[in-house]
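1. what shape does this take:
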Amino acid sequence: MKKNIKWLLLVSLTMMACNNDENNNTTEEVPVTPGSAVFTKYVALGDSFAAGYSDNALFKRGQEGSYVNVLAQQFVAAGGGTFTIPYTNDNKGGLLLAGNVIAGTRLYFNGTAPVQLPGTPTTEVTAHLTGSFNNMGIPGAKSFHLVAANYGNVAGVASGAANPYFARFASTSSTTVLADAIAQSPTFFSLFIGGNDVLSYATSGGIGKDQTGNMNPATYGSNDITDPTVFASVYSSLVTALTANGAKGVVANLPYITSLPYFITVPYNPVPLTESAAAQLNAGYAAYNAGLQQMLTNKLLSADEATRRTITFKAGNNPVVIVDSYLTNLTAYTIPSYRQATKEDLVVLSARTFIGTAVGGDPTKVNGLSVPLADNWVLTKDEVGEVKKATDSYNATIAAVAQEKGLAFVDTKSILTQLSSGGIKFGNFTMTSSYVTGGAFSLDGVHPSARGYGLIANIFIDAINLKYQSTLRHVDLATYPIQYPGSLQ
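-> Presented below is the predicted three-dimensional model:
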């Protein structure tokens with residue numbers, strides 16, 4: 001039996017595309033104008049996407065390539081002003097809290113696979129930055145965090161009560177992200193928030209709780225799904241405050257995060273077996289399958305569920321065996337909640353180096369085969385449904401508020417759908433959501449690459465131009481790298 005999955009064939013990638021962006025170049029004769037928008041004071045609110053988080057870290061080059069910084073650069077030709085960013089110390093990524101590493105360095109592609117950059121982070125959370133910052137993108141922030149007092153209190157970082165990225169530059173320990181944004185009297189804003197309200201639940205394999213019906217975010221766990229009513233209330237209050245003095249802006253809905261590379265790269269059936277290895281595993285699960293049949297006979301289990309839970313291997317590629325908490329609980333009869341995965345279940349990216357490994361070096365105990373994968377390795381069909389249901393509700397709120405307040409609206413949901421189903425073509429290049437090779441996403445499988453952020457900036461520009469009759473120009477995506485090298489100055 002093979003103990004490890006054959007890793008995806010990864011190839012070295014050219015850092016820059018040579019082709020021109022035929023679709024994205026605006027005719028030079030058209031002058032750049034702001035239309036009815038005023039870009040003099042642009043403030044961006046959001047999460048890690050706004051911050052420029054990439055390759056599992058926040059670092060200077062990534063911050064420079066954030067879609068909000070790209071937007072700010074395009075705004076300059078239409079009267080935009082200075083755009084300040086709370087930069088990290090270097091291009092290593094990672095954070096220190098009182099000298100202790102609390103976030104690791106970024107990933108890079110070493111020619112064979114994504115690996116973590118060696119070395120120790122140098123960005124210290126307690127080394128507070130002074131001044132106001134136009135980029136208010138906070139990695140890890142959920143919707144309600146933007147209005148939460150003390151979210152930037154460094155004293156709460158160690159316990160998880162505060163955010164280390166916001167603690168670096170919050171104006172006071174008790175302020176809110178929204179308050180610091182409003183204090184700058186923006187004339188134009190962008191708001192792209194809500195992804196984290198479901199993301200941590202999904203990336204943890206559904207280890208968390210769907211908090212629908214719970215209106216008290218203070219009681220939520222870090223991996224919980226935010227109640228849609230809470231999201232709606234917070235989102236409405238954010239936009240109401242941002243537009244109170246006449247500022248215009250652009251907002252974006254949320255894609256189905258289950259279409260990100262983090263969830264679509266590792267197949268549900270990655271395990272190749274010989275006929276003899278399959279027979280050996282079938283013998284190991286014979287007692288389990290017999291127990292299911294007994295439960296069926298005793299009418300404690302439906303025929304459909306008994307079939308769904310029956311575990312059978314054959315020669316060739318096989319689905320992994322998983323623990324599924326949504327199955328009928330039969331622990332009173334010493335029957336665990338096991339089944340084999342289907343294409344409707346999503347195996348998380350981090351499982352790629354775990355499936356097929358032996359437990360404690362014992363070749364008879366193989367993760368994903370004789371040892372079922374725990375809940376954290378797989379987002380099951382039911383959990384995927386919970387994520388999509390919450391996302392649909394959040395998006396209904398975002399669309400309604402955008403229309404009510406007369407804001408530009410960006411449909412990122414349709415963009416990710418395009419990336420994951422054929423790709424988006426520019427020039428002679430097609431950008432897709434394929435892990436490592438697709439060009440749109442960084443090596444963490446969740447956050448965009450520099451080129452991906454450029455694409456986001458362009459679709460924001462399209463929405464702004466449409467709503468405010470601006471004539472902002474696209475950026476040339478061919479000038480943005482799809483990967484950052486290990487060495488960055």
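2. now stretch 245-263: buried residues?
-> 247-263 (16 or more other C-beta atoms under 10 Å). Glycine gets a C-beta too; all of them are placed from N, C-alpha and C.
3. for it, measure first residue to last.
-> 41 Å (C-alpha to C-alpha, to the nearest Å).
4. the stretch 251-400 of the chain: helices as residue ranges?
-> Counting by DSSP state H, counting those that start in this stretch, the stretch 251-400 of the chain has helices at residues 261-264, 275-284, 286-297, 303-309, 381-405.
5. who's in contact with the third one?
-> With contacts defined as C-beta atoms under 8 Å, 6 or more residues apart in numbering, helix 286-297 is touched by 301-303, 306, 309-312, 330, 333-336, 338.
6. and which of these is nearest V43?
-> In terms of C-beta to C-beta, no member of the contacts of helix 286-297 lies closer to V43 than Y338, at 50.7 Å.
7. residues touching the residue nearest to that closest one when sequence neighbours are not counted, list them.
-> Nearest residue to Y338 in three dimensions, chain neighbours excluded: P372, at 5.1 Å (C-beta to C-beta, 6 or more residues apart in numbering). Each residue near P372 by C-beta under 8 Å, 6+ apart is listed here: V320, V321, I322, V323, P336, Y338.
8. contacting residues for the fourth one?
-> The contact partners of V323, taken as C-beta under 8 Å, 6+ apart, are P336, S337, Y338, P372, L373, A374, D375.
9. partners of it in the sheet?
-> Beta-bridge partners recorded for V323 (DSSP bridges): Y338.
10. state the distance from it to G205.
-> Separation of V323 from G205 (C-beta to C-beta, to the nearest Å) stands at 10 Å.
11. overlap in contacts of those two?
-> Here V323 and G205 have A374, D375 as joint contacts, going by C-beta under 8 Å, 6+ apart.
12. next, the closest residue to G156 other than its chain neighbours: phi, psi?
-> Once flanking residues are discounted, G156 sits nearest to A162: 3.4 Å by C-beta to C-beta, 6+ apart. Main-chain torsions, A162, degrees, to the nearest 10: phi -130, psi 160.
13. okay, now the domains of this structure?
-> Split into domains by automatic domain parsing, the chain comes to 42-264+384-479, 271-342+346-379.
14. the first one - what's its average pLDDT?
-> Over the span of domain 42-264+384-479, the pLDDT mean works out to 97.
15. distance from the chain centre to it, please.
-> How far domain 42-264+384-479 lies from its chain's middle: 9 Å, per C-alpha atoms, centre = their mean, to the nearest Å.
16. could I get the buried residue list for stretch 76-83?
-> Here stretch 76-83 shows A78, G80, F83 as buried, counting by 16+ other C-beta under 10 Å.
17. save these as CSV, and put in distance to A50 and secondary structure too.
-> Below are those laid out as CSV (distance: C-beta to C-beta, whole Å; DSSP: H, G, I helix; E, B strand; the rest coil):
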residue, distance to A50, secondary structure
A78, 20, helix
G80, 16, coil
F83, 12, coil
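18. could these be laid out in TSV, adding distance to L191?
-> Below are the buried residues of stretch 76-83 laid out as TSV (distance: C-beta to C-beta, whole Å):
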residue	distance to L191
A78	20
G80	17
F83	16
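19. nearest to S200, of those residues?
-> Lowest distance from S200 to the buried residues of stretch 76-83 (C-beta to C-beta) belongs to F83, with 28.8 Å.
20. in strands, which of the contacts of V323 appear?
-> Y338 (DSSP state E).
21. ok, and the most crowded of the contacts of V323?
-> L373 (24 neighbours; other C-beta atoms under 10 Å).
22. ok, the contacts of P372 vs D362, which is closest?
-> Taking C-beta to C-beta as the measure, D362 lies nearest V321 of those, at 16.4 Å.
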